[in-house]
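> only the shape, not the letters, is given here:
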């Protein structure tokens, strides 16, 4: 099995037995044809910021289209905040939710802090929460509900306790 990261599929031929993929580097370049019995394909997620008019108001983005923010979720345009899937970091709903809570607290003038590595860095003991993909509607919709997601269940407790300090 060979993983080809930062590679895009530019053509697929399924006319015969198996599959023939034409691929090239995501940054462009020479194309290569691969032949296989099957070809699992994984496409990465990207922020959906095109068409928001960010360039018209001067909000800076990185080359991937993510909105650049500081530790308080403020963009380079001081009245524009951004959270969740449109900023750098994991594209996870629970992360976006915590970003949103902290962002609103900052806007309200309260102390807030989000540090997703804090549990490990402080050596806090925690239980691992497990969530089966079988219970996830998206996983069911794409017929890929095998496996589970694990998260430290003390993460949110730690966030709130650091806020109350």
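Yep, it's here. Remember, predicted model here, so these are calculated numbers, not experimental data. Residues are numbered from 1 along each chain as shown.

> residue closest to the middle of the chain?
The residue lying closest to the centre of the chain (CA atoms, centre = their mean) is residue 91, at 1.9 Å.

> and residue 99, how far from residue 132?
25 Å (CB to CB, to the nearest Å). From N, CA and C alone the C-beta is placed, and that goes for glycine too.

> higher neighbour count, the two?
Counted by other CB atoms under 10 Å, residue 99 and residue 132 do not tie: residue 99 has more neighbours, with 22 against 12.

> residue 20 in helix, strand or coil?
Three-state call for residue 20 (DSSP: H, G, I helix; E, B strand; the rest coil): strand.

> do the same with residue 63
Classification of residue 63 using three-state DSSP returns coil.

> related to what we said a few turns ago, list the contacts for the residue nearest to the centre of the chain?
45, 47, 85 (CB atoms under 8 Å, 6 or more residues apart in numbering).

> report how many residues lie close to the last one.
When you say that, I think you mean residue 85. By other CB under 10 Å, neighbour count at residue 85 equals 19.
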